[in-house]
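>>> I would like to see how this sequence folds:
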Amino acid sequence: MSDTSSQGRALSESELQELVTASDSGARNPIGPVGTFLAVVALAWSVFQVLLASPVSNLVLPSDLINNSRQIHLAFSMFLAFTAYPALKSSPRHRIPVQDWIFAVVGAFVALYGYFFYQKIVNSGGLADDTDKWFALLGLILLFEAARRALGPAMAIIAIIFLMYVFFGSSEWVPEVIRWKGASLKKAMSHMWITSEGVFGIALGVSTKFVFLFVLFGALLEKAGAGNYFIKMAFGALGHLRGGPAKAAVVGSAATGLISGSSIANVVTTGTFTIPLMKRVGFTPEQAGSVEVASSVNGQIMPPVMGAAAFLMVEYVGIPYVEVITHAFVPAIISYIALVYIVHLEAIKRKMPTLGNKTTSLGKTVGGMFGFFIGFGLLCYAVQYPVRWISDLVPEGASWILAALVGIAYLGLLWVAAQEPDLEPDDPTAEVVELPDVAHIYKTGLYFLLPIVVLVYFLMIELKSPGLSAFWATALLFVILLTQRPLKALFRGENEMANAFRAGVADLVSGLVDGARNMIGIGLATATAGVIVGTVTLTGVGQVMADLVEFLSGGNLILMLVMVGLLSLVLGMGLPTTANYIVVSSLMAGVVVNLGAQSGLIVPLIAVHLFVFYFGIMADVTPPVGLASFAAAAVSGGDAMKTGFIAFFYSLRTVALPFMFIFNTDLLLINVTWWQGIIVFIVATVAILIFTAGTMGWFITRSRIYESVALVLIAFALFRPGFFMDQMVAPFRDVPPAQLTQTMGALKQGEDLRLVIAGPDFDTGKPRELHIIVPAGAPGTGEARLQKLGLAVHEDGGKLLLDEPFPATPYFKKLSEFDFYGDDPVVVSAVKAAAPQPPKELIYIPALLLLAGVAFLQKRRAERQEREGVPA
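Numbering: from 1, shown residues only. All right, here's what the predicted structure looks like:
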């Protein structure tokens with residue numbers, strides 16, 4: 001792929017489609033009876049998953065199928081992987097060799113081993129016997145081969161390395177710092193394949209319960225025509241502006257990225273149209289590809305799907321889905337706003353021409369877009385009121401009435417769409433580019449918003465599970481695909497009802513097959529990543545990683561975070577988004593939590609998981625394994641490596657944001673009121689735009705070095721005003737440890753203390769420290785408040801000794817790394833209470849004054865350059 005692109009040849013349409021299918025749904029697509037059979041298998045998988053997510057699953061599916069749904073999910077993935085993905089580049093594409101049929105059948109059987117022998121495994125307590133271990137080993141070998149075909153070698157190689165560590169971790173050639181006692185084949189296979197700790201663990205469960213439905217939802221929405229509608233709307237709104245194709249690429253990729261789990265598919269799907277137009281207005285092939293890469297990869301951090309990582313975060317972090325997407329919202333949105341601004345600055349610097357003859361101000365355009373999104377958000381929110389009114393009025397038949405109302409809304413919007421001709425994909429290479437007229441084309445796809453409204457309503461208002469919410473949205477898409485063609489024909493007075501209905505059925509079946517094929521890689525990725533998760537739980541290598549990072553960083557907090565970011569970047573290379581998140585979160589999230597707590601950095605777990613996730617997905621951008629960059633270069637005909645480096649530069653804000661929200665969790669809307677959230681969003685948006693201007697070297701005119709430095713400093717002050725306020729007024733006051741109980745008793749409910757716990761490490765006996773936050777509960781004495789948290793302290797020899805926390809209390813697990821029964825006691829070495837401090841928002845005043853100064857200097861210089869005719 002990279003060889004082709006580096007020679008400057010853009011791939012043809014057929015080659016690009018082959019690129020997408022090879023990476024996302026399998027390069028092999030045989031025709032005839034075999035092709036029909038594989039389509040039927042994929043269709044059966046989709047139907048099974050839809051039934052599994054439905055509210056009537058217990059009625060239509062046997063209980064043993066529901067209980068073993070993970071095994072069935074993996075069996076479909078394995079079977080389709082060996083039939084859809086050739087083993088080698090030289091392998092046939094239009095037929096399936098005999099050995100692949102054998103691999104497919106055996107792989108599916110071994111995946112179903114736990115289903116076929118469920119009773120035997122239950123009776124053995126989940127421990128493998130000699131027969132089990134050999135079947136498990138065969139299953140792992142076939143799983144790794146399937147993952148190699150579907151995902152490339154990186155995933156399989158990483159999993160094999162971890163598995164080798166399980167077996168040979170006690171060998172002398174393993175560095176002592178990461179050495180462990182090792183495990184027998186029977187124990188390892190039992191852990192990895194028979195129990196739910198490895199392959200059939202949380203990750204595969206999330207893929208089975210949630211991810212499939214969202215991927216299917218995206219495939220059906222695309223098949224209905226929503227993808228083309230979103231792209232045309234983006235070009236109609238933004239294409240006429242300077243650098244308009246690039247701005248439209250950003251917005252179009254954001255829209256498709258909302259429902260896409262693949263950055264590569266996003267690049268090729270939108271890039272085939274946007275990249276040629278970007279090149280036409282003056283972007284180099286590498287810049288055009290880089291804008292598309294940055295836009296598409298950003299789609300993986302965009303709620304509600306986040307490349308399927310959102311559902312995994314629910315399980316790993318232990319918070320509701322709504323909270324996950326709420327916390328992820330502001331960084332994702334401002335990151336896209338910054339990308340639009342990057343494109344705008346590039347267009348101004350290069351004095352790029354506009355497309356078409358339409359003239360509208362940027363302010364009106366942006367205002368209109370914000371108005372649309374705000375209006376759509378208010379619509380989703382307001383739906384709850386008539387729903388509740390109807391539910392209260394007619395509690396028994398409310399669901400039928402609501403379904404009828406959705407049907408009426410659909411018919412009305414479809415009638416509006418039928419008044420305009422259907423949208424056809426544009427040719428970006430045409431001599432004259434006709435930009436779509438938003439005033440007309442917006443009507444053609446308004447009904448596509450209905451399934452999204454249904455999805456958002458069930459997720460955010462009804463607080464239903466992601467699987468059930470996606471089921472109802474997908475069910476509505478079934479109706480749309482089956483009826484949109486015949487109803488449009490009816491509304492237009494055409495006599496093609498029967499043909500239109502047949503075409504709708506074909507669209508639905510094709511969408512179900514595409515959804516299943518798009519899930520092959522994700523199913524295998526989550527299963528293979530289960531081996532890595534299983535290794536972490538079996539060997540305790542997560543603690544080893546923490547020790548390694550602590551050693552290399554020398555205990556410096558910032559250096560530790562930089563190293564974790566770099567390791568997450570390396571670990572994510574070559575992996576799809578879902579597997580990427582599983583790997584980096586399993587290995588690196590605990591490192592940030594442990595080392596941060598030792599250094600006084602105590603942040604919510606969701607912030608840590610988003611931190612490693614952001615760096616993990618940057619691997620899709622960064623050479624030498626930036627898969628999305630290679631795909632974009634294949635479309636643009638530019639150099640793949642250069643595209644990757646420019647895309648990384650455009651993505652600097654995605655690198656900076658995790659550091660900002662680790663130290664300022666307001667950006668994740670944690671513990672903020674709704675009005676504070678609005679202020680945070682506005683300030684963060686201004687800050688990211690200023691940061692972008694500083695790193696791009698252009699604000700009002702070309703910046704001088706000191707101006708760029710000042711802009712970055714201003715952005716930092718807006719993102720982290722607490723840093724400067726803490727330098728002026730200490731945020732905490734020291735309390736003598738002996739006064740802990742008195743201070744705790746004097747706190748108001750909701751306030752807290754920070755304790756530094758020191759003592760011998762349980763494993764090594766070496767001294768260690770840990771910072772913890774102790775909240776004050778209901779009013780009472782300090783001793784009573786501490787005891788409710790499981791903490792008991794007493795003075796001895798001038799020290800405040802801490803007893804081992806009571807089991808099942810909040811700090812029992814957190815403090816389990818201390819040896820409470822060694823020669824040296826565990827003590828409370830320091831107590832810190834919050835100190836009165838002016839509002840940190842006061843820092844905004846000097847920051848904005850400095851910004852005004854930079855703006856004044858640049859405006860005066862720009863006016864002088866304009867008078868003298870000197871280029872900026």
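>>> Now do the same for Pro833: helix, strand or coil?
Quick fix: residue 833 is Ala, not Pro. Taken by DSSP: H, G, I helix; E, B strand; the rest coil, the conformation at Ala833 corresponds to strand.
>>> Let me fix that, I meant to ask about Val583.
helix.
>>> which residues sit in contact with it?
158, 529, 532, 571-572, 575, 616 (C-beta atoms under 8 Å, 6 or more residues apart in numbering). All C-beta spots, glycine's among them, are computed from the backbone N, C-alpha and C.
>>> Next, the buried residues of stretch 728-742.
732, 735, 737, 740-741 (16 or more other C-beta atoms under 10 Å).
>>> next one: stretch 602-621
Here stretch 602-621 shows 603-621 as buried, counting by 16+ other C-beta under 10 Å.
>>> Which ones among the residues you listed map onto strands?
Using DSSP state E, no member of the buried residues of stretch 602-621 falls in strands.
>>> Looking at these, which are in helices?
605-617 (DSSP state H).
>>> can I get the residues you listed in TSV with pLDDT?
Shown next, in TSV, are these (pLDDT from 0 to 100):
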residue	pLDDT
Leu605	89
Ile606	92
Ala607	91
Val608	91
His609	92
Leu610	92
Phe611	91
Val612	89
Phe613	89
Tyr614	90
Phe615	87
Gly616	84
Ile617	83
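>>> just the residues you listed now: which is nearest Asn228?
Within those, proximity to Asn228 (C-beta to C-beta) peaks at Ile617, which comes in at 26.0 Å.
>>> correct me, but the closest one touches Thr578?
No - checked against C-beta atoms under 8 Å, the pair Ile617 and Thr578 is beyond contact range at 10.7 Å.
>>> For Asn266, give its distance to Ala294.
In this structure, Asn266 and Ala294 are 11 Å apart, going by C-beta to C-beta, to the nearest Å.
>>> So which residues of the stretch 1-150 of the chain form helices?
Using DSSP state H, counting those that start in this stretch, the helices of the stretch 1-150 of the chain run over 2-6, 13-20, 32-53, 57-60, 63-67, 69-84, 98-111, 113-116, 118-123, 130-151.
>>> repeat for the stretch 701-850 of the chain
705-719, 721-728, 740-746, 782-788, 844-868.
>>> For the second one, which residues meet the burial criterion?
In other words, helix 721-728. By neighbour count with 16+ other C-beta under 10 Å, helix 721-728 contains the buried residues 721-722, 725.
>>> In contact with Leu559, which residues?
By C-beta under 8 Å, 6+ apart, Leu559 lies in contact with Ser553.
>>> Local confidence estimate at it?
Here the pLDDT value assigned to Leu559 is 88.
>>> ok, now Ala758?
pLDDT, Ala758: 93.
>>> And it, how far from Leu718?
37 Å.
>>> do Leu151 as well
Distance, Leu151 to Leu718, using C-beta to C-beta: 40 Å.
>>> How many neighbouring residues does Arg350 have?
15 (other C-beta atoms under 10 Å).
>>> Please disregard the earlier target; I meant Leu848.
Going by other C-beta under 10 Å, the residues that sit close to Leu848 add up to 15.
>>> got a list of what it touches?
Applying C-beta under 8 Å, 6+ apart, the residues near Leu848 are Ile714.
>>> what's the spacing between Val583 and Arg867?
57 Å.
>>> quick one: which of the buried residues of helix 721-728 is nearest Gly243?
Looking across those and measuring by C-beta to C-beta, the closest to Gly243 is Pro721, at 32.4 Å.
>>> gap between that closest one and His327?
Applying C-beta to C-beta to Pro721 and His327 gives a distance of 20 Å.
>>> Ok, Val603 next?
Val603 is 12 Å from His327, by C-beta to C-beta.
>>> Would you mind finding the most buried of the helices of the stretch 1-150 of the chain?
Of the helices of the stretch 1-150 of the chain, the one with the most neighbours on average (mean count of other C-beta atoms under 10 Å) is helix 69-84, at a mean of 26.
>>> residue contacts, Ser816?
Counting by C-beta under 8 Å, 6+ apart, Ser816 makes contact with Phe762.
>>> Just send the helices of the stretch 701-850 of the chain back as JSON lines, with mean pLDDT and distance to Phe116 too.
Shown next, in JSON lines, are these (pLDDT from 0 to 100; distance: least, C-beta to C-beta, whole Å):
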{"stretch": "helix 705-719", "mean pLDDT": "95", "distance to Phe116": "55"}
{"stretch": "helix 721-728", "mean pLDDT": "92", "distance to Phe116": "58"}
{"stretch": "helix 740-746", "mean pLDDT": "91", "distance to Phe116": "57"}
{"stretch": "helix 782-788", "mean pLDDT": "89", "distance to Phe116": "49"}
{"stretch": "helix 844-868", "mean pLDDT": "92", "distance to Phe116": "64"}
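>>> and Trp472, which of the ones you listed is closest to it?
Closest approach to Trp472 among the helices of the stretch 701-850 of the chain (C-beta to C-beta): helix 705-719, 38.7 Å.
>>> For the closest one, buried residues please.
707-708, 710-712, 714-719.
>>> Equivalent analysis for stretch 811-821, please.
In stretch 811-821, counting by 16+ other C-beta under 10 Å, buried: 811, 815, 817-820.
>>> which one of those sits closest to Ile682?
Closest to Ile682, out of all of those and judged by C-beta to C-beta, is Tyr811, at 38.1 Å.
>>> Who are the contact partners of the closest residue to that closest one other than its chain neighbours?
Spatial nearest neighbour of Tyr811, chain neighbours left out: Pro805 (4.4 Å); criterion: C-beta to C-beta, 6 or more residues apart in numbering. Shown in contact with Pro805 (C-beta under 8 Å, 6+ apart): 789-791, 811-812, 815.
>>> Identify, from the buried residues of stretch 811-821, the entry nearest to Ala347.
Glu817 (53.9 Å).
>>> Can you report phi and psi for that closest one?
Glu817 adopts backbone torsions of phi -80, psi 0, taken as degrees, to the nearest 10.
>>> Run through the residues that contact it.
Contacts of Glu817 (C-beta under 8 Å, 6+ apart): 761-763, 768, 770.
>>> Show the pLDDT at it.
Glu817 is given a pLDDT of 85.
>>> That one and Gln598, how far apart?
For Glu817, the distance to Gln598 - C-beta to C-beta - is 10 Å.
>>> Which neighbours do the two have in common?
768, 770.
>>> Please spell out which residues along the helix or strand hosting Ala265 are buried.
According to DSSP states H and E, Ala265 maps onto helix 263-280. Residues 263-280 are the ones in helix 263-280 that count as buried (16+ other C-beta under 10 Å).
>>> How about the contacts made by the residue most central in space within the chain?
The centre of the chain sits closest to Met306, judged by C-alpha atoms, centre = their mean, with a distance of 3.0 Å. Contacts for Met306 (C-beta under 8 Å, 6+ apart) come out as 300, 313, 325, 328, 577, 613.
>>> okay, the nearest residue to the last one once chain neighbours are set aside: pLDDT?
Setting aside the residues directly before and after it, Phe613 is nearest to Tyr581 in space (C-beta to C-beta, 6+ apart), at 5.2 Å. For Tyr581, the model assigns a pLDDT of 85.
>>> Could you do Gly574 as well?
The model's pLDDT for Gly574 equals 71.
>>> per-residue confidence at Ser23?
Reported pLDDT for Ser23: 55.
>>> what does Ser636 give?
For Ser636, the predicted pLDDT is 84.
>>> I figured it hits Ile646, correct?
No - the pair Ser636 and Ile646 fails to qualify as a contact (C-beta under 8 Å) at a distance of 11.1 Å.
>>> Neighbour count for those two, which is higher?
Using other C-beta under 10 Å, the more surrounded residue of Ser636 and Ile646 is Ser636, with 30 against 23.
>>> Val513: how many residues sit nearby?
By the criterion of other C-beta under 10 Å, Val513 has 21 neighbours.
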